[in-house]
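A.B. asks: Got a sequence here, can you build the structure:
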Amino acid sequence: MNSGAGFDLKVPPRHVLCVGAAVLDTLFRVRSMPSGQGKVLPYDMLQVAEGMASSAAYAVARLGGRASLWGAVGDDETGARIIAELSRDGIDTTGVVKVEGARSAVSTILIDDLGERLIVPFYDPLLHQTTRAIGAEDVAAFDAVLVDVRWPKLALATLVAAREAGKPAILDGDVAADGVIEMLAPAATHIVFSQPAAERLAGTTDLIATVSRLKQKFEQAFVCVTAGEQGCYWLDEIDRSVKSMPAIKIEAVDTLAAGDIFHGAFALAIAEGQPTADAIRFSSVAAALKCQSFGGRMGAPTAAEVQGALRLNAEVLVNRTAG
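C.D. replies: This is a model prediction of the structure:
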């Protein structure tokens, strides 16, 4: 099945490897964000195993692709729950390691009635201290790899191996500790930055200038910046101009994991050989649809739902030269 071009049962699903975060999130819905100390009373609650790479992998699976996850959890009940939930939802978790003596990652997240969120994550430093040797042969079975910034050593080794194997090596360029993106980005073939991370690296809030500066820094890679309601901006590899595509209009209920769903959809589209503009269009719609329901990654749409929204919004989803 090809997620971007329709349904062709003769085409085997593309296989995407996602590398990075696996977290047990506790989500609380509140009417509004707290403004100071005190007690906040939520009116809904959900616990779900997710995290950047894990949510991206779920998006791949929901969209009809094959998803594998390389990550780390603690050797504890929380880690066992994370693995069980992700496996249940169609993700190959055989590459998730249990780290003895480490605590699994957890976070508490408040989501208000405007769909915005406040995240308090905890990652045990012991989780991601080690790595293993990764060669081209280890990623040969995958059609693309996507790494986040949570396990830098493994992410770098995987990106390098993917490029050696001639595979798309995609970086989720989210806000990270100092030096992490600078270490990972030169090994990537495609980088999709969040707006905060992009502006921090580029030193400007002007999106056109941001994309141009990031492309100058990482000339070897396709560079894209996701900017929420403002849509997406990227540098066209043919005419070297900055292009933009608007986001579709939706009523946001929960923006948690929207970026991760974008990254998973983008990785699958690139694995399928879609042109980058088409991949961005597909991913943008997938992320927007996710925002319409509460539950983090659980709102990830199916390929049929994305295709339907693409048809309804064909006149809106047009890429233009920015500026």
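A.B. asks: and residue 181, what does it touch?
C.D. replies: With contact set as CB atoms under 8 Å, 6 or more residues apart in numbering, residue 181 has these partners: 149, 171, 173, 197, 201. (Glycine included, C-beta is placed from N, CA and C.)
A.B. asks: What about the first one, how many residues nearby?
C.D. replies: The local packing of residue 149 (other CB atoms under 10 Å) involves 22 other residues.
A.B. asks: Give me the phi and psi for it.
C.D. replies: Main-chain dihedrals, residue 149, degrees, to the nearest 10: phi -100, psi 0.
A.B. asks: my read: it touches residue 176, true?
C.D. replies: Yes: at 3.7 Å, residue 149 and residue 176 qualify as touching, with contact defined as CB atoms under 8 Å.
A.B. asks: Point out the ones among the contacts of residue 181 that are inside strands.
C.D. replies: With strands defined by DSSP state E, the entries of those inside them are 171, 173.
A.B. asks: Now pLDDT and distance to residue 256 too, for the contacts of residue 181, in a markdown table please.
C.D. replies: As requested, the contacts of residue 181 are arranged in a markdown table below (pLDDT from 0 to 100; distance: CB to CB, whole Å):
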| residue | pLDDT | distance to residue 256 |
| --- | --- | --- |
| 149 | 98 | 17 |
| 171 | 99 | 21 |
| 173 | 98 | 19 |
| 197 | 98 | 17 |
| 201 | 97 | 23 |
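A.B. asks: Compare the contacts of residue 181 and tell me which is most surrounded.
C.D. replies: residue 173 (29 neighbours).
A.B. asks: For it, give the beta-bridge partners.
C.D. replies: Beta bridges link residue 173 to residue 193, judged by DSSP bridges.
A.B. asks: Tell me who's in contact with it.
C.D. replies: Taking CB under 8 Å, 6+ apart as the definition, contacts of residue 173 comprise 149, 181, 185, 191-194, 197-198.
A.B. asks: about what we covered before: and which of the contacts of residue 181 is nearest residue 312?
C.D. replies: Proximity of the contacts of residue 181 to residue 312 (CB to CB) peaks at residue 173, which lies at 29.9 Å.
A.B. asks: okay, the contacts of residue 173 in JSON lines with distance to residue 156 next?
C.D. replies: Listed next are those as JSON lines, based on distance: CB to CB, whole Å:
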{"residue": "149", "distance to residue 156": "10"}
{"residue": "181", "distance to residue 156": "11"}
{"residue": "185", "distance to residue 156": "10"}
{"residue": "191", "distance to residue 156": "14"}
{"residue": "192", "distance to residue 156": "17"}
{"residue": "193", "distance to residue 156": "17"}
{"residue": "194", "distance to residue 156": "19"}
{"residue": "197", "distance to residue 156": "17"}
{"residue": "198", "distance to residue 156": "20"}
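A.B. asks: Sort out which residues of the helix or strand hosting residue 78 are buried, please.
C.D. replies: With secondary structure defined by DSSP states H and E, residue 78 is part of helix 77-88. Burial within helix 77-88, assessed by neighbour count using 16 or more other CB atoms under 10 Å, is assigned to 78-79, 82-83, 85-86.
A.B. asks: Among the contacts of residue 173, which one lies nearest to residue 280?
C.D. replies: Proximity to residue 280 was ranked across the contacts of residue 173 by CB to CB; first place goes to residue 192, at 8.8 Å.
A.B. asks: Which residue is the nearest non-sequential neighbour of that closest one?
C.D. replies: The spatially closest residue to residue 192, leaving aside those adjacent along the chain, is residue 224, at 4.8 Å (CB to CB, 6 or more residues apart in numbering).
A.B. asks: Can I take it that that neighbour is in a helix?
C.D. replies: No: under DSSP: H, G, I helix; E, B strand; the rest coil, residue 224 falls outside any helix and is assigned strand.
A.B. asks: switch to numbering from 40
C.D. replies: Renumbered: residue one is now 40, and that last one reads residue 263.
A.B. asks: Okay, and the beta partners of it?
C.D. replies: Taking DSSP bridges, one obtains residue 231, residue 273 as the residues bridged to residue 263.
A.B. asks: Can you give me the separation between it and residue 181?
C.D. replies: Applying CB to CB, to the nearest Å, one obtains 21 Å for the distance of residue 263 from residue 181.
A.B. asks: swap in residue 276?
C.D. replies: Remark: distance between residue 276 and residue 181 (CB to CB) = 23 Å.
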